[in-house]
Every structure is written in structure tokens, then in C-alpha cells.
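[1] How does the following fold in three dimensions:
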Amino acid sequence: MASFPRMELDEMVQRWLTANRRCEETGDWRPLAQMYTADATYGWNMGPGEEFMVAGRDQIRDIALALEMGGLDGWSYPYQRVLIDDLQGEVVGFWKQVSGARRPDGSRYEVAGIGGSWFRYGGNWQWEWQRDFFDLGNATALFLEMIKSDALSDGMRRRMERATSGEKLPGHYPLGGGPVPLW
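    Here you go, the predicted model:
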């Protein structure tokens, strides 16, 4: 593990947060791919028997940021706190998942619990890897609430149909079966 100057990691985090806000505004997350090394990996756990993992900037762009984020237009992921470890070159950011849709009472649909991303910096303003964590049970409960309230966007409906189609989706593996381990 390489250490990096604290000021460089602070700047990387600011660049990341700014890029995230731009992607939220446009509904297109693919531009974030330039912020990963060519051989970066990105993954998360999908529950007790499944994980998601992609390897390389192209898969991050085409699968994680395009396919997996498809249907999440109008959603925002405001970071609440960011912790930086300059000795290990790692960053942990805690974020919320907030839909642009509103409930009849005016409140936004939001995933309860804690979500976040754990990154390792690779230098040159790029992440070497990213691992996300979120409360899958709360995310599922919110999506069910949105389905019952007919609050899903067309893109999210298509995403749900794809996820429940039974077809093998790119980047999805049995637990421990991805191209690189979550840990």
C-alpha cells in the first residue's frame, strides 16, 4: 500500500465529489470512468449468495456506471462524511441514496441505513479500486414501496425487469466467484 500526500488525497476527494454532482445533474454516470486506473476494479455485495464485480475502466464505465446505474436518473447520492487515510492511500465516503420522486406527503423516497464507498487511490487522480456497501434490505423495501405507489421511473421499471428476468447479468457472480475478491 502506498502512502500519498494528504493534500493530494483531499484534492482527489474534491474532484470526485464535484464529478459526482455533475453526473447526478445529467443522469449519466459514465464520465466517472476516467477517474479510475485502466486496471481498476469496482464491486459490492448483493446479499448472502451474490456479488457484483467488474475489472478495468471499460467494464466500470459500461457495466457499473451505465448498466447498473441505468434507471437511477433523478437519484442523488449526497456524501455525508468522507474519511481519508493518507498512510494507506484509502478513502471511505458515506452517502445517502435519495430518489428524485416524492411521496404524496412531499418527502423524497430515500434508502434508510448507511451507504458508502471504500476507495484505494492509485495516483494520477484515479482510483485503483472501489468497494460499495449499502443496506440491501432497506433498498429492497424502498423499491417495493415505490412499486406499490407507482413511483418508479420508466428506466427503473426496465432495470427491475432486467434484474428479475432470470438472465445472467454482466458483473454478477456467486459469492466469491468474481474476477477479483471483494477483499
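[2] drop to CA atoms for contacts and neighbour counts, all remaining ones
    Will do.
[3] mind listing what's buried in the longest strand seen in the chain?
    Determined from DSSP state E, the single longest strand within the chain is strand 36-45. In terms of neighbour count (16 or more other C-alpha atoms under 10 Å), strand 36-45 has its buried residues at 36, 37, 38, 40, 41, 42, 43, 44, 45.
[4] Taking those residues, tell me the two that lie furthest apart.
    38 and 45 (22.5 Å; C-alpha to C-alpha).
[5] Now do the strands in the protein.
    Using DSSP E, the strands found in the chain span residues 36-45, 50-55, 79-85, 90-95, 98-102, 108-110, 115-121, 127-133, 172-174.
[6] I'd like to know which of these is closest to residue 157.
    Nearest of these to residue 157, taken as C-alpha to C-alpha: strand 98-102 at 13.6 Å.
[7] Give me the helices and strands touching the closest one, please.
    strand 108-110 (3 or more C-alpha pairs under 8 Å, 6 or more residues apart in numbering; DSSP states H and E).
[8] What are the buried residues along the strand it packs on?
    For strand 108-110, by 16+ other C-alpha under 10 Å, it's 109, 110.
[9] Pull up the pairing partners for that strand, direction included.
    Paired strands of strand 108-110, with direction, are strand 98-102 (antiparallel) (DSSP bridges).
[10] buried ones in the strand it pairs with?
    98, 99, 100, 101.
[11] Quick check: the two most widely separated of the residues you listed?
    Between any two of these, the greatest separation by C-alpha to C-alpha is 8.6 Å, found for 98 and 101.
[12] who touches both of those two?
    Counting by C-alpha atoms under 8 Å, 6 or more residues apart in numbering, the residues touching both residue 98 and residue 101 are 108, 109.
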